[in-house]
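> got a predicted structure plus its sequence, pasted below:
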Amino acid sequence: MEIKAIIFDMNGVFIKDSGPLSKRIEEDFKIDAGEIYPLIKTALKQVRVPGANSRPIWQPVLERLNMTYEDFFKYWFSGESLNDELLQYTKELRQLGIKVIILSNNFPERTNNYRQLYPELFNEVDEQYFSWETGNVKPNPEAYTQIIEKHDFLPSEYLYFDDSDQNLASASKLGVNVHLYQNLQDTKNFINTLQNV
């Protein structure tokens, strides 16, 4: 089997975090994670689509934390970092002629933060698809078919890594090879197995 393109999720894969945001808030602000998580989840569902007016959507979260819009995102993003090892490996994959693609449910503030902080990431991938720009939110099949239909590759010539079983199941139904992202070594091993290296 020949893999011609590898699709990676962004958060939990290319971007590492210091644990769930709601748990960090619980530790730092003494607000129960079970209380803040639904507020964050509701906001995320709304801001990851095109044209969303972000500030009012985040207002219930900001009010509960008594934080400004700017301080909230500064706090959130301070717990994230680039997966440098995976980034280096993508350079090797591209040298082998394999396309490297990012597919992420995300929102403007977060994506723009990554583009500013980690330009090397965006320079080392061939394509990026963010739900707030495309309108296609995983696990909807359109999130994957927008990529499949762009290239002259069979679904079976794609490999998709995500840290969400639900997203992987959706892509798998389309004939895409999928694997739960755990760490770099597991990723390499799985790719080598598929490529019969």
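The structure has been received and is ready for your questions.

> for this structure, give me the ranges with low pLDDT.
Along the chain, segments meeting pLDDT under 70 span 196-197.

> quick check: longest helix of it.
Ranked by number of residues, the top helix in the chain under DSSP state H is helix 33-47.

> output that helix as CSV, restricted to C-alpha atoms.
C-alpha atoms of helix 33-47 as CSV (Å, rounded to 0.1, in the frame of the first residue of the first chain):
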residue,chain,number,x,y,z
ALA,A,33,-14.4,21.9,35.9
GLY,A,34,-18.0,20.5,35.6
GLU,A,35,-19.3,24.1,35.7
ILE,A,36,-16.9,25.8,33.3
TYR,A,37,-16.6,23.0,30.7
PRO,A,38,-20.2,23.3,29.4
LEU,A,39,-19.6,27.1,28.9
ILE,A,40,-16.4,26.5,27.0
LYS,A,41,-17.9,23.6,24.9
THR,A,42,-21.0,25.8,24.0
ALA,A,43,-18.7,28.6,22.9
LEU,A,44,-16.4,26.4,20.8
LYS,A,45,-19.3,24.9,18.9
GLN,A,46,-20.3,28.4,17.8
VAL,A,47,-16.9,30.0,17.1
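
> tell me which residues are up against it.
20-23, 25-26, 52, 54, 57-58, 60-61, 64-65, 107-108, 132 (CB atoms under 8 Å, 6 or more residues apart in numbering). C-beta coordinates here come from the backbone N, C-alpha and C atoms, glycine included.

> kindly report the same for stretch 106-126.
Contact with stretch 106-126 is made by 5, 8, 10-11, 14-15, 44, 47-48, 52, 54, 73, 77, 82, 87, 90-91, 94, 99-102, 104, 128, 130-133, as judged by CB under 8 Å, 6+ apart.

> so which of those are in helices?
Taking DSSP H, the ones among the contacts of stretch 106-126 that sit in helices are 44, 47, 54, 73, 77, 87, 90-91, 94, 131-133.

> are any of those residues buried, and which?
Buried members of those, counted by 16 or more other CB atoms under 10 Å: 44, 47, 54, 73, 77, 87, 90, 131-132.

> and residue 160, what are its phi and psi?
Per-residue torsions, residue 160: phi -120, psi 130 (degrees, to the nearest 10).

> that one contacts residue 176, correct?
Yes. Using CB atoms under 8 Å, residue 160 makes contact with residue 176 at a distance of 5.2 Å.
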